[in-house]
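J.: Quick one, fold the following:
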Amino acid sequence: MAATTPLMHPGEPWNQKSPRYFGKPLSSTNSLNLIRLVLAAAVLVFHSYPLTGRPELAPALGGQGLGGWAVAGFFAISGYLITASRQRTGFANFLLLRVGRIYPAFITVLVVTVCLFGPIAQLINHGTLRGYLSTQPSPFAYIYGNLFLDIKQYAIGDTLSAVPYPDAWNGSLWTLYFEFLCYLFIGLLLIWKRARTSVWPVAIAFVLSAAVYARADLAVNAVGGEDSIRLLASLLPYFLGGALLRLLKPYIGLHWVGGVLSLAIMIIGVNFGPLWIAQALAPLYAYGLLWLSTVIPQPKWIAHHDVSYGIYIYAFPVQQMLALLGLYTLNVFWFSTLSLAITALFALASWFWIERPALRRTRIATGRSADR
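T.: Reported below is the predicted structural model:
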């Protein structure tokens, strides 16, 4: 998931006018930061299974792993919040805000992997740093090859040769490329003024995206790029499901009946329906998560300090470092707990030293005071 991604200040001034038909609007006291933190932790837990050599034990629902559902949740929440941001912001400033949110921490985690995790792994494996800079695939290529979010290189030499999952230093970053494509899609669609206020353009886009996923094989044959097309086709409906709810905000609010029914229908659907049913029901998943954010209390500190992005991007390399130290022999619970504790330190550093300062500069540059 990726995502992740944390994208808006919890103090965002929301229009509190009651929806036309039922429910209440999402208020500024929502717990979306906490929801995203839980989703990031769920990705960490899911990755603990393959990273400790136990992929067959990973939890799944409706044919999709826990990590996949967490990433889908990130995209659904992101669709709602990013569409809200785009409704208030011109296209150029919208892009600047999105780049300012994702890129500084993304580039930093690439550099930290090359300059900290990679050398430590080299020392563990070989007892010396000699040859690290010239190893293939090279540490330099890990940075410049992945610089534009589309992850081309996952490994650095043989630094991970001694772990159960030796193929990647960071198996989470790939989702950011597809999330940014979703940003571009909604950003461009909402250049059309009618699409900012009418439900229909986004509704049609959502239906088409779900239909494309249902027949992804035809899309691949028509366009090519099998992996990228399939992944985008699987994630875009979740994003547009959240975006659709944002456009429906004047008509449909959040209510416990709707929240419970949405989640129940989603769970039943993915267990008994066809493989594409989750994408077709994406607005219900988004609705359920948004409703949960109104009933689950959120600690004040989490409301003001959004560390879920840092958890998401640092968890995988931290887990690989623990595996290099031989701790993959721990059971999944203790491996996940230790991973989360250490990852939290990196996430806090990322938030206070990289993400928050970058957000402040971006807000000043765009004249915004609330987006994140």
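J.: Name the next helix or strand downstream of the lowest-mean-pLDDT helix or strand in the chain, please.
T.: When each helix and strand of the chain is scored by mean pLDDT, DSSP states H and E, helix 216-223 comes last, with a mean of 64. Next along the chain after helix 216-223, taking DSSP states H and E as the criterion, comes helix 226-247.
J.: Quick check: buried residues in that next one?
T.: In terms of neighbour count (16 or more other C-beta atoms under 10 Å), helix 226-247 has its buried residues at 228-229, 231-247. Where you see a C-beta, it was placed from the backbone N, CA and C, and this is true even at glycine.
J.: Val43 in helix, strand or coil?
T.: Taking DSSP: H, G, I helix; E, B strand; the rest coil as the rule, one finds Val43 in the helix state.
J.: Does it touch Ala315 like I think?
T.: Yes - assessed by C-beta atoms under 8 Å, Val43 is found in contact with Ala315 at 6.8 Å.
J.: now Gln64: how far from Ile267?
T.: Separation of Gln64 from Ile267 (C-beta to C-beta, to the nearest Å): 12 Å.
J.: Quickly list what's touching both of Val43 and Ala315.
T.: By C-beta atoms under 8 Å, 6 or more residues apart in numbering, Val43 and Ala315 have these common neighbours: Ser172.
J.: pull the CA atoms of stretch 111-127 into CSV?
T.: The C-alpha trace of stretch 111-127 is given here as CSV (Å, rounded to 0.1, in the frame of the first residue of the first chain):
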residue,chain,number,x,y,z
VAL,A,111,18.2,7.2,0.9
VAL,A,112,17.9,5.7,4.4
THR,A,113,17.7,2.3,2.9
VAL,A,114,20.8,2.8,0.8
CYS,A,115,22.9,4.7,3.4
LEU,A,116,21.8,2.9,6.6
PHE,A,117,20.0,-0.4,6.1
GLY,A,118,22.0,-1.6,3.1
PRO,A,119,25.5,-1.0,4.7
ILE,A,120,24.4,-2.7,7.9
ALA,A,121,23.2,-5.7,5.9
GLN,A,122,26.5,-5.7,4.0
LEU,A,123,28.4,-5.8,7.3
ILE,A,124,26.2,-8.6,8.7
ASN,A,125,26.7,-10.7,5.5
HIS,A,126,30.3,-10.0,4.7
GLY,A,127,31.9,-8.4,7.7
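J.: what does it contact?
T.: Under the criterion C-beta under 8 Å, 6+ apart, residues 128-129, 131-132, 135, 139-140, 142-143, 156-162, 169-170, 314, 317, 320-321, 324-325, 346 lie in contact with stretch 111-127.
J.: Now that stretch: buried residues?
T.: For stretch 111-127, by 16+ other C-beta under 10 Å, it's 112-114, 117-119, 121-122, 125.
J.: repeat for stretch 145-160
T.: 145-146, 149, 151, 153-160.
J.: for stretch 271-278, same thing?
T.: By neighbour count on 16+ other C-beta under 10 Å, the buried set for stretch 271-278 is 276-278.
J.: tell me the mean pLDDT for that stretch?
T.: Mean pLDDT, computed over stretch 271-278, is 93.
J.: Equivalent analysis for stretch 127-143, please.
T.: 96.
J.: Equivalent analysis for stretch 299-308, please.
T.: 95.
J.: what distance separates that stretch from the middle of the whole chain?
T.: Averaging C-alpha positions (C-alpha atoms, centre = their mean, to the nearest Å) puts stretch 299-308 17 Å from its chain's average.
J.: Alpha carbons only: can I get that stretch in CSV?
T.: C-alpha atoms of stretch 299-308 as CSV (Å, rounded to 0.1, in the frame of the first residue of the first chain):
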residue,chain,number,x,y,z
PRO,A,299,-6.2,10.1,21.0
LYS,A,300,-5.5,13.9,20.7
TRP,A,301,-1.9,13.2,19.9
ILE,A,302,-2.7,11.1,16.9
ALA,A,303,-5.2,13.7,15.7
HIS,A,304,-2.3,16.2,15.4
HIS,A,305,0.6,13.9,14.4
ASP,A,306,-0.1,11.7,11.4
VAL,A,307,2.6,9.0,11.5
SER,A,308,0.7,6.4,9.4
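J.: pLDDT wise, what is Phe22 at?
T.: The model reports Phe22 with a pLDDT of 70.
J.: Can you name the residues bridging to it?
T.: On the basis of DSSP bridges, Phe22 is bridged to Ile252.
J.: And the helices in the stretch 51-200 of the chain?
T.: 66-88, 91-112, 118-126, 139-144, 174-189, 193-197, 200-214 (DSSP state H, counting those that start in this stretch).
J.: quick one: contacts for Leu66?
T.: Contacts of Leu66 by C-beta under 8 Å, 6+ apart are 42-43, 45-46, 58-60.
J.: Would you check which pair of those lies furthest apart?
T.: Val43 and Ala60 (13.8 Å; C-beta to C-beta).
J.: Contact partners for Tyr49?
T.: Contacts for Tyr49 were tallied using C-beta under 8 Å, 6+ apart; they are 55, 57-58, 332.
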